[in-house]
Structures are given as C-alpha cells and as structure tokens.
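1. Turn this into a model:
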Amino acid sequence: MFLGASARRREEHIMNVFRNFGHAMGMVLRNIRSYLFLSMTVLLSFCFLLVYLIATDSETYNTYKDILARNPETSILQILNGDNMYEEIQEAQLSVRDYLSHIPNSHFSMIYRSPYNMNYMQSLYFNVIFIEDDAFGTATNPFDEVELLNIRLSDGQALANEAFYEWMQLSTGEEHPSLAFDYPFADGTMERVSVTLVGGRRSNTAAPSVVNGSLTGGAVLYLPYSTMLRLLEKGPIDCMNSFLIVYAPAEYQEAVYDYAKTSPYVQGYGSYNLMSINAAKLSIRSAIGQRSLMLCFFYVILAVNLYGSFRNALNDRKFEIGVKRAIGASKANIAAQFTAEGLIVIVGNLLLSVYLVLTGFLVYKTILKAQGIIYTITLGWSALAGYIICCLALALLFSLIFAWQTSKVNVIDNLRAE
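-> Numbering: from 1, shown residues only. Down below sits the predicted model:
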C-alpha cells in the first residue's frame, strides 16, 4: 500500500513537471515579442562562440594533422651529402649502423640516390633509388615522409612513384608492366637495365605527359640492392646522395638525433618526426591556452548581455506578474514558471545555434571541396564539453536570476501603473 502511494506521488510529480514546462512553453510563444531581443542576443552569442571554437580547432587540426600523423619512431640521417662513390658511402653507413645497433628493437634501411638519367628513346628522366631488398620502408629524399612498406624486392623488380606506375599500367594494359632504361656509370658508360614494376609509392612526381608530340616527364624508380650489386660488377656507381632510415622506439629518437649532430659521417638530419610532433603539440597547447583566455572574455560579455536581456524581458512582464500575484499565485510558482521559460529560451536557441553553425560549416566545406581543397571540420572533446557545460550553466544561472527578480516585483505599484 505504501509503495503504491509513493509511486502515485512520483507519477503526479512527473506529470506536474511536464504540465509546468508545457505551460511555460505556451507562455514563451504567447510573449514571443518580449523574448525576441533575448532570443537574438542568445542566438548570436552562442553562434559566435561555436563558430570561434570550430574555426580555431579546425584551423589547428588542418595545420598539424600531417605532422601528427607521422610515425614518431622513424627518422632519417643523411650520409655524406653530395656526389660520392658507393664504396665511400658504404663505409660511412656501416659505421653509423654499427654505432646505432645498440638501440633496442631498431631497424635500418639504407637508400642510395643515383644521378638523374635521361632515357635515350624518350624525353623521360629516371631518378633511380637503390633500397635494401627487404627494406621496412623508404623515402624519396632525406626530408620526405617515411612510408612503411615492408618491401621485398629481388633483382629485376622495382617500385615506382604511384603516378608513373598507374600510367604504365594504363599504357601497357598489364598489372605489372615491364620497363627498360639506360643506367649511367660514373665513368660515362651505360648499362641497359630491364625491370618489372611490382608496385607504387606515394610521391609528388607527376605522371608523364605528351608535349608537342613528345613524351616528357619523369619517374622515381626504387631498385633493390641485388640489382645495384650486379651493376657494380659492370662499372663504378656514383651516388648523388644517400640517407639512412632509422626505425627505433620513440624514447630513443633523441639519442639518434644527438648522435647525428656529432657524427662525422652524418651530414644532416632529415625527417625527425618526433621533434616535429612535439613542436606541433607545443603549438597546439599554446593555441588552446590563448583560446581559453578568449573564451573567458566571450563568456563575460555573454553574461552581461544575458543579464540586460532578461531585465528587458522582465520589464515587459511586470503587469502579468502583478495579476498572477493578485489572483493568488505564490512567489514559488511564479519563480518556477519563469525559470522554466528562461531555460526553454536559452536551450532552444543553443540547439538552434548548433544547427545553424554546423550547416554553415558544411556549406563552406562543400565550396572548398569543389575547389579541390580538402578541409576537415573538427571540434575537440574538451572544447565541446566546455561549450555545452558553460552554456547550460549560464542558462540555469540566469534563469534562476530571472526567476528571483520576478519574486521582487512590486505588485501594487505595477498594477497601479497599468
């Protein structure tokens, strides 16, 4: 019996809450002119805040997304920059690898870049890069991003930049097209090299094109060490430059960097992902700090505007409050009604601001996409949570202030004034 009465009381309480909110919604619609200025203030303020948050987060993300996507466990050491014979570079890179071999779980890929070579039959140039037969990754130059491929090549096979590889597939109709070119030795002689292209790699090198009836363009070819060793039997190889890809746990990357600064064999430090990532994170933290200060300023301005707008809405409703008090409505009931009205107005405009801002950003993204620009719209969880919590807190706070002010209205003076 006791449980049944308690359940009925809870049900009645819930129904009263819904009735009160329904009545408050009706009063908001009935007094829409009184709430118009308040609604415009809330809507514009919330829209401005949300636009600022999304714009700053999106700009930060699009600025640093490529850097943060890098692998912090890879770096590139440039070995003996400039034209050097293969034997000189081999001695240097063996010394470097020997020194770094004490790093746990480390791997190395040595890359030799040969001079550009013009194919004698067409105006095509080939940038030949020799990589280890079982290299875990590769790069086009010391400042390029390392691409982890787990490469397995044998003599007679090669990789190419994606654009050239796809162009060769379309030109020959073969999944793995064949290619022949002349490789130049340091003494000026050449050796005909035939390879089968077995895959493509990301690169900024464009596909060949026909200009004035002639085929022009170039390609980046990745040949295995086994091919290089075979060529060494035919003539001396001159390397334009070479670099060593170091794959090591992130906690050891600083040691690699320190060694690179002091080693006589290392002429430069190329892609140092961990340093770039840490610098990007530092810049992001700085941007977040600046944004926090701006948000504090914006919320203060919003609070001042809300207070003034609620005061104006209250002045328009003083006669109504006087009538309700005159016919017996309690201060508590009036305060509850105006609290609900304030929450409805602010939360409603909060939701409307989210819809309008997101629609605007999606239209902006569509325009950029039509121009070939890929722009990512993002909002961090911390910014989103802060926005929602602060907006709801302001909604509750000023709704309560609004309700408290209604209880202080001088009923007799306002009825006489009407």
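2. and the longest helix along the chain, what other elements does it pack with?
-> In terms of residue count, the longest helix belonging to the chain (DSSP state H) is helix 273-316. For helix 273-316, the contact count by 3 or more C-beta pairs under 8 Å, 6 or more residues apart in numbering; DSSP states H and E identifies helix 32-68, strand 74-79, helix 253-262, helix 381-407 as packing neighbours. Heads up, the C-betas are built off the backbone N, CA and C, glycines and all.
3. For the first one, buried residues please.
-> Right, the one you point to is helix 32-68. The neighbour-count check on helix 32-68 (16 or more other C-beta atoms under 10 Å) flags 34-35, 38-39, 41-43, 45-47, 49-50, 52-54, 56-58, 60-61, 64, 67 as buried.
4. hang on, the earlier thing: which of the helices and strands packed on helix 273-316 sits closest to Leu223?
-> For the helices and strands packed on helix 273-316, proximity to Leu223 was assessed by C-beta to C-beta; strand 74-79 is nearest, at 18.3 Å.
5. Mind listing the strands the closest one pairs with, and their directions?
-> Strand pairing for strand 74-79, using DSSP bridges, gives strand 241-247 (antiparallel), strand 266-272 (antiparallel).
6. What are the structural domain limits within the chain?
-> If the domains of the chain are taken from automatic domain parsing, they occupy 22-67+280-417, 74-248, with pieces of a single domain joined by a plus sign.
7. quick one: which of these is nearest Pro264?
-> By C-beta to C-beta (comparing all of these), the closest turns out to be domain 74-248, at 8.6 Å.
8. thinking again about what came up before, can you tell me which of the strands paired with strand 74-79 the model trusts least?
-> The minimum mean pLDDT among the strands paired with strand 74-79 belongs to strand 266-272 (a mean of 67).
9. what about the stretch 151-300 of the chain, any weak spots by pLDDT?
-> Low-confidence regions of the stretch 151-300 of the chain, defined here as pLDDT under 70, cover residues 204, 206-207, 210-215, 240-241, 268-272.
10. Likewise for the stretch 301-418 of the chain?
-> Within the stretch 301-418 of the chain, the ranges that satisfy pLDDT under 70 run 306, 308-310, 312-338, 399, 402-403, 405-418.
11. I'd say Val193 and Leu231 touch.
-> Yes - under the contact definition of C-beta atoms under 8 Å, Val193 touches Leu231, with a separation of 7.5 Å.
12. For Val128, give the beta-bridge partners.
-> Each beta-bridge partner of Val128 is listed here, defined by DSSP bridges: Leu221.
13. Near it, how many other residues are there?
-> A count of neighbours around Val128, defined by other C-beta atoms under 10 Å, yields 26.
14. How about the one 3 residues further on?
-> By the criterion of other C-beta under 10 Å, Ile131 has 24 neighbours.
15. ok, it touching Leu223?
-> Yes - using C-beta under 8 Å, Ile131 is in contact with Leu223, at 7.5 Å.
16. Gly137 - how many residues pack around it?
-> Applying other C-beta under 10 Å, we find 20 residues neighbouring Gly137.
17. Pass me the low-pLDDT residue ranges in the stretch 1-150 of the chain, would you?
-> Along the stretch 1-150 of the chain, segments meeting pLDDT under 70 span 1-35, 80-85, 115-123, 140-145, 147-149.
18. right, so the domains of the chain: which one is the most enclosed?
-> domain 74-248 (a mean of 17; mean count of other C-beta atoms under 10 Å).
19. sec struct for Gly218, please.
-> Going by DSSP: H, G, I helix; E, B strand; the rest coil, the secondary structure assigned to Gly218 is strand.
20. what does Thr196 give?
-> Thr196 falls in the strand class when you classify it by three-state DSSP.
21. Show me where the stretch 51-200 of the chain has its strands.
-> For the stretch 51-200 of the chain, the strands identified by DSSP state E, counting those that start in this stretch occupy 74-79, 84-85, 107-113, 117-118, 123-131, 137-138, 147-148, 157-161, 178-184, 190-201, in order along the chain.
22. The ones you listed into CSV, with extra columns for distance to Ala385?
-> Below are the strands of the stretch 51-200 of the chain laid out as CSV (distance: least, C-beta to C-beta, whole Å):
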stretch, distance to Ala385
strand 74-79, 34
strand 84-85, 56
strand 107-113, 41
strand 117-118, 58
strand 123-131, 47
strand 137-138, 38
strand 147-148, 35
strand 157-161, 44
strand 178-184, 55
strand 190-201, 41
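23. quick one, which of those strands is nearest to Ile284?
-> Within the strands of the stretch 51-200 of the chain, the stretch nearest Ile284 is strand 74-79; the backing value is 21.3 Å (C-beta to C-beta).
24. Could you measure from the residue nearest to Tyr125 when sequence neighbours are not counted over to Met40?
-> By the measure of C-beta to C-beta, 6 or more residues apart in numbering, the closest residue to Tyr125 outside its immediate chain neighbours is Gly218, 4.2 Å from it. Between Gly218 and Met40 the computed distance is 60 Å (C-beta to C-beta, to the nearest Å).
25. Same question for Tyr112.
-> Distance from Tyr112 to Met40, counting by C-beta to C-beta: 68 Å.
26. Show residues contacting stretch 367-377.
-> With contact meaning C-beta atoms under 8 Å, 6 or more residues apart in numbering, stretch 367-377 is reached by Ile54, Ser58, Tyr61, Asn62, Lys65, Phe361, Leu362, Tyr364, Lys365.
27. I'd like these as JSON lines, with distance to Ile277 appended.
-> Supplementary listing: these in JSON lines, determined by distance: C-beta to C-beta, whole Å:
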{"residue": "Ile54", "distance to Ile277": "24"}
{"residue": "Ser58", "distance to Ile277": "20"}
{"residue": "Tyr61", "distance to Ile277": "14"}
{"residue": "Asn62", "distance to Ile277": "16"}
{"residue": "Lys65", "distance to Ile277": "12"}
{"residue": "Phe361", "distance to Ile277": "27"}
{"residue": "Leu362", "distance to Ile277": "30"}
{"residue": "Tyr364", "distance to Ile277": "29"}
{"residue": "Lys365", "distance to Ile277": "26"}
